[in-house]
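A.B. asks: Mind looking at a prediction? Sequence and model below.
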Amino acid sequence: MSDRWERNIPVYDVPIWTRPFQALLVLGALALGLVTYREIAGLGPASGMNDAYAWGIWKTFNIMVLTGLGSGGFAVGIAAWLFNRKRLHTVMRTALLTSFLAYASGLILLGIDVGRPWNFYWVLMPWKWNAHSPLLEVAVCMPAYAMFPLLLENFPPLFDWIHDKRPRFRARVEKAEKIMTRFYPWVVALAYLLPAMHQSSLGALMLLAGEKVHPLWQTPLLPLFYVWAAAYMGFACVAGSLLFCSLVWHRAVDLDVIAEMNKITANLIGYWLLLRFADIAVSRKLGLMFQANIYSGLFWMETIFLVVAVIMLVDSGRRRDAQLMFHGYLAAAFGGMLYRFDPTTLAFQPRPGAFYFPSAVEILISVGFVALAIAAFVAAAKAWAILPGPMRLWKSTEIKTQDEKAPVGKISSYAPAGE
């Protein structure tokens, strides 16, 4: 008996307006209110940033970390299209939506973080660009990637909904689809090129920081490490989201597809760890790993999370254990998040005695925009065909399958009807 997802299915039988959804909106509304305060009061009163730490968590977490988690569209797309992993096509809509929401929230927070936001329009004036700055590549590639390839690739679920629910617009939708088809090869090409460019540039930014970044993280390979970390973080975000949705909404999950994602993620992490340890050894920094300080502690925390993730993913794929898969992806996500966050903040020392800790306003705004992204994903998954599922669930609002009645805390697999 083989398990497989056949198509993407909306979560029709779960209402959108629930208490958790309302709580997410409250956090988002609070964040938007605090953004108004930040724009009026300025960065000084609203944040914990200072002359030494001019980057706060809106850049180091929401940009560095969340765009890594939001690289699922990039990483899963390469595996599905370039390496012909056909099973992964069923999860592409989930990957693209999580990527778009992560990038969109990060870009908004980047605008909030700009000290003089009224000068943001300069990015539209090429003759004023600093062509020697990696930050320019980030400033150009990130918005271009989010607002062109990612946005366009999220149109199909909307077109499906319009075609099904608004028959009078079907002709227009079909015409729009034909136009998109002509340009789609270019869209896909940009969807691979732009994130590879700006993810590597994020690493190059920290490379330019020189001795301010602790030697355990500072390496000429930082641009490669950042792109590579974004790949396994993207897989972890997509697979973790699918498993979490299956748990919360009692949806069946195809363990064949998740197991294949396990193998890819475990290989990405394993070879990344090998290269990182080899780089440390060649650079003669092995002694720094065993010093009794916070930096070696952070290094081993990252490493342990990722090693545990590899063990869990390999073991859960062999045992077909969805719960263990979910925990493995959590460990992979935390390990990757720490790696992307440490050299920008925790392992970053601009000068002796300098200190930074985010203010309550920074934390609440950051949490609020993450909450808004989650709320948008929940609403889209319940209204549009985002999550994969068997064809027999299409528009099924009354008939509950045995899999969907699984107790809370259980994730089940299924076989298509007739098998």
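C.D. replies: Nice, thanks for sending it over.
A.B. asks: what about residue 165, neighbour count?
C.D. replies: 9 (other C-beta atoms under 10 Å). Yep, even glycine has a C-beta here, placed from its N, CA and C like the rest.
A.B. asks: wait, residue 22
C.D. replies: Residues within reach of residue 22, counting by other C-beta under 10 Å, total 11.
A.B. asks: So what touches whichever strand or helix holds it?
C.D. replies: Assessed by DSSP states H and E, residue 22 sits inside helix 19-41. Residues outside helix 19-41 that contact it (C-beta atoms under 8 Å, 6 or more residues apart in numbering): 46-47, 112, 117, 361, 364-369, 371-372, 374-375, 378-379.
A.B. asks: and the top helix by length along the chain, average pLDDT?
C.D. replies: When secondary structure is assigned using DSSP state H, the longest helix within the chain turns out to be helix 170-208. With pLDDT averaged residue by residue, helix 170-208 scores 90.
A.B. asks: Centre of the chain to that helix, how far?
C.D. replies: The chain centre lies 16 Å from the centre of helix 170-208; the measure is C-alpha atoms, centre = their mean, to the nearest Å.
A.B. asks: pretty sure residue 65 contacts residue 337?
C.D. replies: Yes: Residue 65 lies in contact with residue 337 (C-beta atoms under 8 Å); the separation is 5.0 Å.
A.B. asks: before we move on, back to that, return the set of buried residues in the longest helix of the chain.
C.D. replies: Going by neighbour count (16 or more other C-beta atoms under 10 Å), the buried part of helix 170-208 is 173, 188, 190-192, 194-207.
A.B. asks: which helices and strands does it pack with?
C.D. replies: helix 66-69, helix 72-77, helix 134-145, helix 151-153, helix 155-165, helix 222-248 (3 or more C-beta pairs under 8 Å, 6 or more residues apart in numbering; DSSP states H and E).
A.B. asks: now for the fourth one, which elements pack on it?
C.D. replies: Spelled out, it's helix 151-153. When contacts are defined as 3+ C-beta pairs under 8 Å, 6+ apart, helix 151-153 packs onto helix 92-113, helix 170-208.
A.B. asks: Rebuild those helices as a markdown table, extending it with distance to residue 144.
C.D. replies: Converted to a markdown table, those look like this (distance: least, C-beta to C-beta, whole Å):
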| stretch | distance to residue 144 |
| --- | --- |
| helix 92-113 | 11 |
| helix 170-208 | 6 |
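A.B. asks: coming back round to it: what angle separates the helix holding residue 22 from helix 92-113?
C.D. replies: Taking axes from the mean of the first three to the mean of the last three C-alpha atoms, to 10 degrees, one finds helix 19-41 and helix 92-113 inclined to each other by 30 degrees.
A.B. asks: Determine how far the last residue of stretch 205-224 lies from the first.
C.D. replies: Its first and final residues considered, stretch 205-224 spans 12 Å by C-alpha to C-alpha, to the nearest Å.
A.B. asks: ok, residues contacting it?
C.D. replies: Here stretch 205-224 makes contact (C-beta under 8 Å, 6+ apart) with 134-135, 138, 200-201, 203-204, 225, 275, 279-280, 283, 285, 288-289, 295-296, 299, 339, 342-344, 347-350.
A.B. asks: What residues sit buried inside it?
C.D. replies: Residues 205-207, 209, 212-214, 216-219, 222-224 are the ones in stretch 205-224 that count as buried (16+ other C-beta under 10 Å).
A.B. asks: okay, now the closest residue in space to residue 139 that isn't next to it in sequence: neighbour count?
C.D. replies: On the basis of C-beta to C-beta, 6 or more residues apart in numbering, the spatially nearest residue to residue 139 that is not a chain neighbour turns out to be residue 123, at 5.4 Å. Other residues near residue 123 number 13, with proximity taken as other C-beta under 10 Å.
A.B. asks: where does the protein have low pLDDT?
C.D. replies: Screening the chain residue by residue with the criterion pLDDT under 70, one finds the ranges 1-4, 6, 391-419.
A.B. asks: let's see it at 50
C.D. replies: Judged against pLDDT under 50, the low-scoring parts of the chain cover residues 1-3, 397-419.
A.B. asks: returning to that earlier point: is it true that the residue nearest to residue 139 touches residue 138?
C.D. replies: No: here residue 123 lies out of contact with residue 138, judged by C-beta under 8 Å, at a distance of 10.6 Å.
A.B. asks: Which neighbours do the two have in common?
C.D. replies: The contact sets of residue 123 and residue 138 do not overlap (C-beta under 8 Å, 6+ apart).
A.B. asks: contact partners of stretch 131-148?
C.D. replies: If you take C-beta under 8 Å, 6+ apart as the criterion, stretch 131-148 is touched by 67, 100, 103-104, 106-107, 110, 123, 129-130, 187, 190-191, 194-195, 197-198, 201-202, 204-205, 208.
A.B. asks: Now that stretch - C-alpha only, CSV.
C.D. replies: The C-alpha coordinates for stretch 131-148 follow below in CSV (Å, rounded to 0.1, in the frame of the first residue of the first chain):
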residue,chain,number,x,y,z
ALA,A,131,28.1,49.3,-6.7
HIS,A,132,30.8,48.0,-4.3
SER,A,133,28.4,47.2,-1.4
PRO,A,134,27.0,43.7,-0.8
LEU,A,135,24.1,45.4,1.0
LEU,A,136,23.1,46.9,-2.4
GLU,A,137,22.7,43.4,-3.7
VAL,A,138,20.5,42.5,-0.7
ALA,A,139,18.5,45.7,-1.1
VAL,A,140,17.8,45.0,-4.8
CYS,A,141,17.5,41.2,-4.9
MET,A,142,15.3,40.7,-1.9
PRO,A,143,12.5,43.0,-3.0
ALA,A,144,12.8,41.8,-6.6
TYR,A,145,12.6,38.2,-5.6
ALA,A,146,9.7,38.7,-3.2
MET,A,147,7.6,41.0,-5.5
PHE,A,148,8.2,39.3,-8.8
